[in-house]
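Enquirer: structural data only, the sequence is not supplied:
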């Protein structure tokens, strides 16, 4: 399970970082979302992964650390708000600047050869 | 009431922000303005009350919901955090007052947003819990995103987009760092973390190091340390000047967090991990000072110039944090207060000058003269003397103090020449800007620009900030004593742990 979990976080982070480094806002927003998913998974695992253990004492033989679960909840709520904000901002940027590049202008394609 | 005093600098701005959204404040412009100024003044007064209490009775620890540390979240009001809370609330009074002259109507919800920003900043200063620090960072960031867009144009949207994306990545890194540290230490209460770090063994040491250095990345981003400073000049120069003046405190939140984390948690007692960020901080700080100084010389308009001055001040502060002695930290605390007040004053001045110069605005070129040269000129002289660090104002005292504390051979060899050259660059840059703006006239002022006068509210706000520099030098004795006291407590490992975890003074 650990390997699968770690691979999952790793793939999400690398996809997120790749997308964040793109030049248009839509992939960047997607990348930020993926990164925040990865971060949530990672935070969750900081309390150690365990099966069949309740977060409340006395309900099972082992118990899971409830604190990372609280962290993840907080992080999800904050991440949701931030994503909503950045989506709106990206739309406004598209409207104000006339294109969806993070730098506000389309680079000169003749020099670069391709988009 | 009195036992809840510690929580008031966090609760009052939240209450104020909510009340300002509701009628009658939400509907009526003038009621909203008066209410906002009154609320921020009340918060400031309670912060001062907290400061006096901390001075009289020592560090105050407030367990939220009466859950004692390390299980619950605590607010810790020690001399350093209380001083910064007072500084923040003072800045908010000034900002709200200045904006009431008309800037607040350029967009929606200016006043509630300012109060929410103050809630976040005060919370970040007072909290004793690392995850709570993250939450307050997010509170202040989301308020700052909205304030940044306030009354903005196209250039502003671009800068805001970049600022938001940078900070969202920063938040992700912050969470990863907290996850690593929690996984290793099993706690996120800062005092408890400091205690647990000393007990680490084997591979856990390296994991904790990774976590600690990831935190450094986050704080460097918030504090605008090289190479993560590139967002700052654009952001501050395109934001409304009064918002930029308020943001003067935000880079200091990053520096303050560095002070806490790298003196308390990874300080003298941390064994293998002690002072692990010192080398990074030191060299990056020096590079930041150099970049800021070059930026000051290259700036085309006043607001960019002040934004680069902010970068120089961040570099200086971080260099002092990196020295990690009580003496250097006390100099840093004095410098922090001085630089926040003076850069905020300069942002406001840049705005007033831009209004009176009409089309040329705040660009550093020959243009139409300002309509109140005596007032603005005098204020500009005071602020620039302070920011350059010439006698007799607070900048000079701060400069002499911090040079003295870095006299140690190892530091002085690099720091002195660089810092003095940077000061020279600031001197050249600011005097060139001042003489061009005030003396180099070209063309006739339009009627509307000639009619432009400083609004009384703006004048009061400006004078409060400008008077900071002479007052800080008149009361330098008391202030430096306070700074030394604050720094001593910051570095007192045993004392911090006793007060926060065990609850004895």
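Expert: Looks like it came in fine. Since the model is a prediction, treat every value here as computed from it, not as a measurement.
Enquirer: for residue B:493, which non-adjacent residue is closest in space?
Expert: Of all residues beyond its chain neighbours, the one nearest residue B:493 is residue B:269 (4.9 Å), with distances taken as Cβ to Cβ, 6 or more residues apart in numbering or on different chains. Every residue, glycine included, has its C-beta placed from N, CA and C.
Enquirer: am I right that the one you found is in a strand?
Expert: No. Residue B:269: not assigned to a strand; according to DSSP: H, G, I helix; E, B strand; the rest coil it is coil.
Enquirer: what comes up buried for stretch B:180-198?
Expert: By neighbour count on 16 or more other Cβ atoms under 10 Å in any protein chain shown, the buried set for stretch B:180-198 is B:180-185, B:187-197.
Enquirer: ok, stretch B:437-455 next?
Expert: For stretch B:437-455, the neighbour count (16+ other Cβ under 10 Å) marks B:437-438, B:445, B:449, B:452, B:454-455 as buried.
Enquirer: now the residues you listed as a markdown table including pLDDT and secondary structure?
Expert: Conversion of the buried residues of stretch B:437-455 to a markdown table gives the following (pLDDT from 0 to 100; DSSP: H, G, I helix; E, B strand; the rest coil):
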| residue | pLDDT | secondary structure |
| --- | --- | --- |
| B:437 | 86 | helix |
| B:438 | 86 | helix |
| B:445 | 70 | coil |
| B:449 | 69 | helix |
| B:452 | 78 | coil |
| B:454 | 84 | coil |
| B:455 | 87 | coil |
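Enquirer: switch these over to CSV; also include distance to chain A.
Expert: Below are these laid out as CSV (distance: Cβ to the nearest Cβ, whole Å):
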residue, distance to chain A
B:437, 29
B:438, 34
B:445, 31
B:449, 28
B:452, 28
B:454, 31
B:455, 29
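Enquirer: what sits closest to the closest residue to chain A within the stretch 351-500 of chain B if chain neighbours are left out?
Expert: Here the residue of the stretch 351-500 of chain B nearest chain A is residue B:500; by Cβ to the nearest Cβ that distance is 18.3 Å. Excluding the flanking residues, the one nearest residue B:500 by Cβ to Cβ, 6+ apart is residue B:191, at 3.9 Å.
Enquirer: so who does that neighbour touch?
Expert: Residue B:191 makes contacts with B:69-70, B:128, B:264, B:496-497, B:500-501, as judged by Cβ atoms under 8 Å, 6 or more residues apart in numbering or on different chains.
Enquirer: give me the lowest-pLDDT entry from those residues.
Expert: For these, the weakest pLDDT value sits at residue B:69, with 78.
Enquirer: so it versus chain A, what's the distance?
Expert: Distance of residue B:69 to chain A, given as Cβ to the nearest Cβ, to the nearest Å: 14 Å.
Enquirer: residue A:49 belongs to a strand?
Expert: No. Going by three-state DSSP, the assignment for residue A:49 is coil, not a strand.
Enquirer: that one contacts residue A:6, doesn't it?
Expert: No. Applying Cβ atoms under 8 Å, one finds residue A:49 not in contact with residue A:6, separated by 9.9 Å.
Enquirer: that older thread, ok now do the residue of the stretch 351-500 of chain B closest to chain A, which residues does it touch?
Expert: Residue B:500 sits next to B:61, B:69, B:74, B:76, B:128, B:189-191 when contact means Cβ under 8 Å, 6+ apart.
Enquirer: the host helix or strand of residue A:42 and chain B, any residue contact?
Expert: Take DSSP states H and E as the rule and residue A:42 turns out to sit in helix A:25-45. Yes. Using Cβ under 8 Å from any Cβ of the partner chain, helix A:25-45 comes into contact with chain B via A:25, A:28, A:32, A:35-36, A:38-39, A:42-43, A:45.
Enquirer: and chain A, which of its residues are near chain B?
Expert: When proximity is defined by Cβ under 8 Å from any Cβ, chain A lies next to chain B at A:20, A:25, A:28, A:32, A:35-36, A:38-39, A:42-43, A:45-48, A:67-68, A:71, A:74-75, A:78-79, A:81-82, A:85-86, A:89-90, A:92-93, A:96-97, A:102-104.
Enquirer: mind checking which of these are buried?
Expert: A:20, A:25, A:28, A:32, A:35-36, A:38-39, A:42-43, A:45-47, A:67-68, A:71, A:74-75, A:78-79, A:82, A:85-86, A:89-90, A:93, A:96-97, A:102, A:104.
Enquirer: on the three-state scheme, the residue of the stretch 351-500 of chain B closest to chain A is what?
Expert: Three-state assignment for residue B:500 (three-state DSSP): helix.
Enquirer: and the next helix or strand past the helix or strand bottoming out on mean pLDDT in chain B?
Expert: In chain B, no helix or strand scores lower on mean pLDDT, DSSP states H and E than helix B:447-451, which sits at a mean of 71. Remark: after helix B:447-451, the chain's next helix or strand is helix B:456-474, criterion DSSP H and E.
Enquirer: what does that following helix rub up against?
Expert: Contact with helix B:456-474 is made by B:90, B:93-95, B:97-98, B:100-101, B:245, B:334, B:337-338, B:341-342, B:344-345, B:348-349, B:352, B:375, B:379, B:382-383, B:385-386, B:392-397, B:454, B:479, as judged by Cβ under 8 Å, 6+ apart.
Enquirer: residue B:51 sits in which helix or strand?
Expert: Using DSSP H and E, residue B:51 sits within helix B:29-57.
Enquirer: ok, the helix or strand just after that helix: who's next to it in the sheet?
Expert: Tracing the chain past helix B:29-57, the next element assigned as helix or strand by DSSP H and E is strand B:60-63. The strands that strand B:60-63 pairs with in its sheet are strand B:74-77 (antiparallel) (by DSSP bridges).
Enquirer: how far does the strand it pairs with sit from its chain's centre?
Expert: With Cα atoms, centre = their mean, to the nearest Å as the basis, strand B:74-77 stands 19 Å off its chain's centre.
Enquirer: tell me the mean pLDDT for it?
Expert: 91.
Enquirer: what do you get for stretch B:356-372?
Expert: Per-residue scores along stretch B:356-372 average to 81.
Enquirer: list the buried ones in it?
Expert: Those would be B:356-358, B:360-364, B:367-372, for stretch B:356-372 by 16+ other Cβ under 10 Å.
Enquirer: show me how chain B divides into domains.
Expert: Listed domain ranges for chain B are B:1-276, B:279-474 (source: automatic domain parsing).
Enquirer: quick one, helices of chain A?
Expert: Using DSSP state H, the helices found in chain A span residues A:2-20, A:25-45, A:66-97, A:109-112.
Enquirer: does anything pack onto the third one? Which helices or strands?
Expert: Think helix A:66-97. Contacts defined by 3 or more Cβ pairs under 8 Å, 6 or more residues apart in numbering or on different chains; DSSP states H and E place helix A:66-97 against helix A:25-45, helix B:130-148, helix B:154-185.
Enquirer: quick check: residues of chain B near chain A?
Expert: So chain B meets chain A at B:131, B:135, B:138, B:142, B:145, B:149, B:154, B:157-158, B:160-162, B:164-165, B:168-169, B:171-172, B:175-176, B:178-180, B:182-183, B:188 (Cβ under 8 Å from any Cβ).
Enquirer: out of those, which end up buried?
Expert: Neighbour counting by 16+ other Cβ under 10 Å classes B:131, B:135, B:138, B:142, B:145, B:149, B:157-158, B:160-162, B:164-165, B:168-169, B:171-172, B:175-176, B:178-180, B:182-183, B:188 among the residues of chain B next to chain A as buried.
Enquirer: nearest residue to residue B:365 other than its sequence neighbours?
Expert: That would be residue B:436: by Cβ to Cβ, 6+ apart, it lies 6.7 Å from residue B:365.
Enquirer: low pLDDT regions in chain A?
Expert: By pLDDT under 70, the low-scoring segments of chain A are A:109-115.
Enquirer: let's see 50
Expert: In the predicted model of chain A, residues A:114-115 satisfy pLDDT under 50.
Enquirer: so what's the residue nearest to residue B:223 when sequence neighbours are not counted up against?
Expert: Spatial nearest neighbour of residue B:223, chain neighbours left out: residue B:254 (2.8 Å); criterion: Cβ to Cβ, 6+ apart. Contacts for residue B:254 (Cβ under 8 Å, 6+ apart) come out as B:219-225, B:314.
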